[in-house]
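Chemist: 3D model of this:
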Amino acid sequence: MTDIDEIEKLFEKYDDEYLKFERIENPPSNHPDLCAFLLLDKLFPAKQGKIISSNDNYGICLSFSPEEITTISEEDVVYLNRCGVFLNSEQCLYCFVG
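Modeler: Residues are numbered from 1 along each chain as shown. Modelled structure (predicted):
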């Protein structure tokens, strides 16, 4: 299992991939946020309930714990970054809205 700090470093490493949705080959949707949600649903099929846990004036925090986040791969980090999802300072998968 990976440490949450390692996942944070991966998001930082691939920061240049942020919102580069056009680099995703054969996305399952034309909507980046939906693609991110579909990937997370695939990665965590047993998770029940809402995918969005909270929101603020700028975006939404997704309902995955740091323990769950540590199981995602480097490839998944790149994909999520391309879809506009990143790890915020509170160790929450987060995306801006608006």
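Chemist: Pull out the buried positions in stretch 40-57.
Modeler: Going by neighbour count (16 or more other C-beta atoms under 10 Å), the buried part of stretch 40-57 is 40, 43-44. In short, each C-beta sits where N, CA and C put it, glycine included.
Chemist: show me where this structure has helices.
Modeler: Listed from the start of the chain, the chain has helices (DSSP state H) covering 4-13, 32-43, 66-69, 74-82.
Chemist: Tell me the buried residues in the shortest one?
Modeler: Spelled out, it's helix 66-69. The neighbour-count check on helix 66-69 (16+ other C-beta under 10 Å) flags 66, 69 as buried.
Chemist: Ile24: what's it in contact with?
Modeler: Contacts for Ile24 were tallied using C-beta atoms under 8 Å, 6 or more residues apart in numbering; they are 35, 79, 82-83.
Chemist: mind redoing it with 10 Å?
Modeler: Contacts here follow C-beta atoms under 10 Å, 6 or more residues apart in numbering; on that basis Ile24 touches 17, 32, 35, 39, 78-79, 82-83.
Chemist: who wins for proximity to Asn55 among the helices of the chain?
Modeler: Between Asn55 and the helices of the chain, the shortest gap by C-beta to C-beta is with helix 32-43, which sits at 13.1 Å.
Chemist: Lys42 and Val85: what is the separation?
Modeler: Here the criterion is C-beta to C-beta, to the nearest Å. By it, Lys42 lies 14 Å from Val85.
Chemist: That concludes my questions; thank you for your assistance.
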